[in-house]
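Student: Predicted coordinates and the sequence they were generated for:
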Amino acid sequence: MSGGHERGIAMFAFYDRAVATISGRVPEGLMLLFMRIGLAGIFWRSGRTKVEDGSFFSISDTTYFLFKEEYSGVPLPSDFAAVMATVGEHVFPILLVFGLFTRLSALALLSMTMVIQLFVYPEAWWQVHMIWAAMCLALIVRGGGMFAADNLFGRKAADAG
């Protein structure tokens with residue numbers, strides 16, 4: 001009976017060590033980096049569909065048309081919404097990749113997600129938007145992690161203070 005009890009205790013000890021290892025600063029930093037890049041990729045690719053082929057940032061006529069017709073439920077003037085969405089889908093992903101203003105960028109992308117959810121594709125919550133929202137919320141709560149520029153600048157500011 002005591003042999004089984006000892007094996008049980010050893011299994012829990014092994015589990016506790018494994019959890020401590022994967023809960024460390026480096027694994028968390030890698031997970032947050034992966035999350036930042038994944039979320040950035042989603043919005044960056046969407047932003048690239050809104051600009052003219054071959055240009056870096058010339059918003060296409062198709063984008064203006066889509067915001068006027070298909071995305072007309074967005075409670076903003078369509079031309080303004082087209083520009084803001086295109087700018088946001090380029091700027092915030094870049095900031096996320098570098099981990100610069102991570103929480104602010106994730107909050108902006110969460111806001112965009114909720115606008116899309118509420119006014120454009122309300123049926124897409126369970127398939128897509130909930131995942132985006134969860135990624136944004138994790139970055140808002142945890143920040144960019146140890147491999148983010150925020151962490152570097154935050155540490156320098158703390159060292160100077």
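Tutor: Nice, I can see it.
Student: thought residue 94 was touching residue 40?
Tutor: Yes: counting by C-beta atoms under 8 Å, residue 94 touches residue 40, with 7.4 Å between them. (C-beta placed from N, C-alpha, C; glycine too.)
Student: which parts of the longest helix belonging to the chain are buried?
Tutor: For the chain, the helix with the greatest residue count under DSSP state H is helix 25-48. Residues of helix 25-48 classed as buried by neighbour count (16 or more other C-beta atoms under 10 Å): 29, 32-33, 35-36, 39-40, 42-44, 46-47.
Student: just stretch 130-139 next, same as before
Tutor: Across stretch 130-139, burial judged by 16+ other C-beta under 10 Å covers 132-133, 135-136, 138-139.
Student: how about the helices in the protein?
Tutor: Assigned by DSSP H, the helices in the chain fall at 2-22, 25-48, 61-68, 78-98, 102-115, 130-142, 149-160.
Student: can you redo those as a markdown table with mean pLDDT and distance to residue 122?
Tutor: A markdown table is the format used below for these (pLDDT from 0 to 100; distance: least, C-beta to C-beta, whole Å):
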| stretch | mean pLDDT | distance to residue 122 |
| --- | --- | --- |
| helix 2-22 | 81 | 37 |
| helix 25-48 | 97 | 18 |
| helix 61-68 | 97 | 17 |
| helix 78-98 | 97 | 17 |
| helix 102-115 | 98 | 11 |
| helix 130-142 | 97 | 12 |
| helix 149-160 | 66 | 33 |
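Student: Could you point out which of those sits nearest residue 121?
Tutor: Residue 121 sits nearest to helix 102-115 of all the helices of the chain, at 10.3 Å, using C-beta to C-beta.
Student: which of the residues in the closest one are buried?
Tutor: For helix 102-115, a neighbour-count test (16+ other C-beta under 10 Å) marks 102, 105-110, 112-113, 115 as buried.
Student: Give the closest residue to residue 52 in space, chain neighbours not counted.
Tutor: Of all residues not flanking residue 52 in the chain, residue 58 sits nearest, at 4.4 Å (C-beta to C-beta, 6 or more residues apart in numbering).
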